[in-house]
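Colleague: build me a structure from this.
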Amino acid sequence: QVLEIMINDSVLLQEAGNRGIKITDGQLNQAMQNIARENSMSLAAFRQTLINKGFKYEGYRATIRKEVTIDTLRRQYAARSSPVTKAEVDEFIHRTGGDNIEYEYRLAHILIALPDAASPERVNTALQTANLILDRLAQGGQFEQLANEFSSGSNALQGGDLGWRKKAEVPSLFSKAVQDMTPGDYAGPIRSPSGFHIVSLTDRRDAEQVLTEQTRTRHILIRSNDLISEEDAKSRLDELRDQILAGGDFAKQARLHSVDYASGADGGDIGWMDPGGTVIEYENVAKLLRPGEISEPFRSQFGWHIVEVTGRRTVDETKETKRRKIESQLLLRKQREAFDIWTRQLRDEAYVVFPDAQT
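Modeller: Take a look at the predicted model:
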């Protein structure tokens, strides 16, 4: 097996050479620094540690150079892999339940307390009180008010609120009931040594919920050129901004003057953007603006801008984020399988010569 691994590595290194893949000393040094950093060491300390353990440092560098070369070949070949289709993601989710949601629960609780060794009469009275509460809930009573009125729990004055709980943090006494609830449901009475319980599911959320704050903007872009200086570009935007603030139409000015012709045709509208969706200068200015507010002229790599924030919203991207994660995992698997098949093909086509042990 060791010999076969050595042959495969030699075949891949030869193929990398045929493709012009060459790891420079600078790339190798960066790889060595990354390894040292992963071990919480400086490169000098990492080198000394290797020497102390009996490794030859130059030999170790040569091994890392080979690994980086093969990894570069693998990534280059992986770029040829076909993308993962929507149907493949859907099939994976259907087969594995890959979109199963791990919920967090917000619970409220009413406790009708009983002392140790309570008499049957006392137990019956407590049960009647619990059933009374359930009747009032069925008639539209508010759980929070009933908790304030009847509960002996420590959180009664907070409407019985237990806060957000992960699945494993839900009291085992009513964990099964909670998992079958939808927000607004309640269950009880549930008997325990401490008394009778009524539990309500106030809210439920995905434990892996991904909320993205999106911003919608429009802008006017003017670039300097042989005829327009930097100062002139900024001055033109100052004038346009003044006209818009005086009642002018931003969209009309964008169509007339912006050299971002794609957005200019739409009145300067960029559309909804996720964080990191544009250059940092633009994003930083937009962050500070209120909806309807127009920025002062500012410079980015594309030229001079004025920007107006036209809206903000929070988007739940949990489902799409999970799909992208599954897609990434499937693509990685597909790339690895394709590379393994290609490696075997190269190995089968290779002519291997074993040196004579006596020479």
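Colleague: would you mark the buried spots in the longest helix belonging to the chain?
Modeller: Among all segments of the chain classified by DSSP state H, the helix with the greatest residue count is helix 318-349. In terms of neighbour count (16 or more other Cβ atoms under 10 Å), helix 318-349 has its buried residues at Thr318, Lys322, Arg323, Ile326, Glu327, Leu330, Leu331, Lys334, Gln335, Phe339, Trp342, Thr343. The C-beta positions use only the backbone N, C-alpha and C, and glycine is treated the same way.
Colleague: same question, stretch 24-40
Modeller: Residues of stretch 24-40 classed as buried by neighbour count (16+ other Cβ under 10 Å): Leu28, Ala31, Met32, Ala36.
Colleague: contact partners of it?
Modeller: Around stretch 24-40, the neighbours that count as contacts under Cβ atoms under 8 Å, 6 or more residues apart in numbering are Ser42, Leu43, Ala45, Phe46, Thr49, Arg61, Ile64, Arg65, Val68.
Colleague: quick one on the thing from earlier: a markdown table for the buried residues of helix 318-349, including pLDDT?
Modeller: Shown next, in a markdown table, are the buried residues of helix 318-349 (pLDDT from 0 to 100):
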| residue | pLDDT |
| --- | --- |
| Thr318 | 71 |
| Lys322 | 73 |
| Arg323 | 76 |
| Ile326 | 76 |
| Glu327 | 79 |
| Leu330 | 79 |
| Leu331 | 81 |
| Lys334 | 77 |
| Gln335 | 80 |
| Phe339 | 81 |
| Trp342 | 83 |
| Thr343 | 82 |
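Colleague: which of these sits closest to Ile112?
Modeller: Ile112 has its nearest neighbour among these in Thr318, at 37.7 Å by Cβ to Cβ.
Colleague: now do that closest one against Arg324, distance only.
Modeller: In this structure, Thr318 and Arg324 are separated by 11 Å, where distance is defined by Cβ to Cβ, to the nearest Å.
Colleague: just Leu13 next, same as before
Modeller: 34 Å.
Colleague: isn't Ile7 right up against Asp348?
Modeller: No - using Cβ atoms under 8 Å, Ile7 is not in contact with Asp348; the gap is 11.2 Å.
Colleague: so the closest residue to Leu330 other than its chain neighbours, which state does it fall into?
Modeller: Excluding the flanking residues, the one nearest Leu330 by Cβ to Cβ, 6 or more residues apart in numbering is Val84, at 4.6 Å. Assigned state for Val84: coil (three-state reduction, DSSP: H, G, I helix; E, B strand; the rest coil).
Colleague: of all the buried residues of helix 318-349, which two lie farthest apart?
Modeller: The widest separation within the buried residues of helix 318-349, taken as Cβ to Cβ, falls between Thr318 and Thr343 and amounts to 37.6 Å.
Colleague: could you check the distance from the residue lying closest to Phe302 once chain neighbours are set aside over to Ala79?
Modeller: Across the structure, with Cβ to Cβ, 6+ apart as the measure, the residue nearest Phe302 apart from its sequence neighbours is Leu221 (6.2 Å). For Leu221, the distance to Ala79 under the criterion Cβ to Cβ works out to 33 Å.
Colleague: of these two, who's got more company?
Modeller: When Leu221 is set against Ala79 and neighbours are counted by other Cβ atoms under 10 Å, the residue ahead is Leu221, at 23 against 7.
Colleague: how about the contacts made by the more buried one?
Modeller: With contacts defined as Cβ under 8 Å, 6+ apart, Leu221 is in contact with Ser258, Val259, Asp260, Gly264, Phe302, Gly303, Trp304, His305.
Colleague: which per-residue confidence value corresponds to it?
Modeller: The per-residue pLDDT reported for Leu221 equals 96.
Colleague: domain ranges for this structure?
Modeller: Using automatic domain parsing, the domains assigned to the chain come out as 2-80, 85-101+318-359, 103-206, 211-316.
Colleague: one step back: just flag the most distant two among the buried residues of stretch 24-40.
Modeller: Farthest pair in those (Cβ to Cβ) is Leu28 and Ala36. Separation: 12.7 Å.
Colleague: thinking again about what came up before, closest to Gly17 out of the buried residues of stretch 24-40?
Modeller: Distance from Gly17 was checked for each of the buried residues of stretch 24-40 by Cβ to Cβ. The minimum falls on Leu28, at 16.0 Å.
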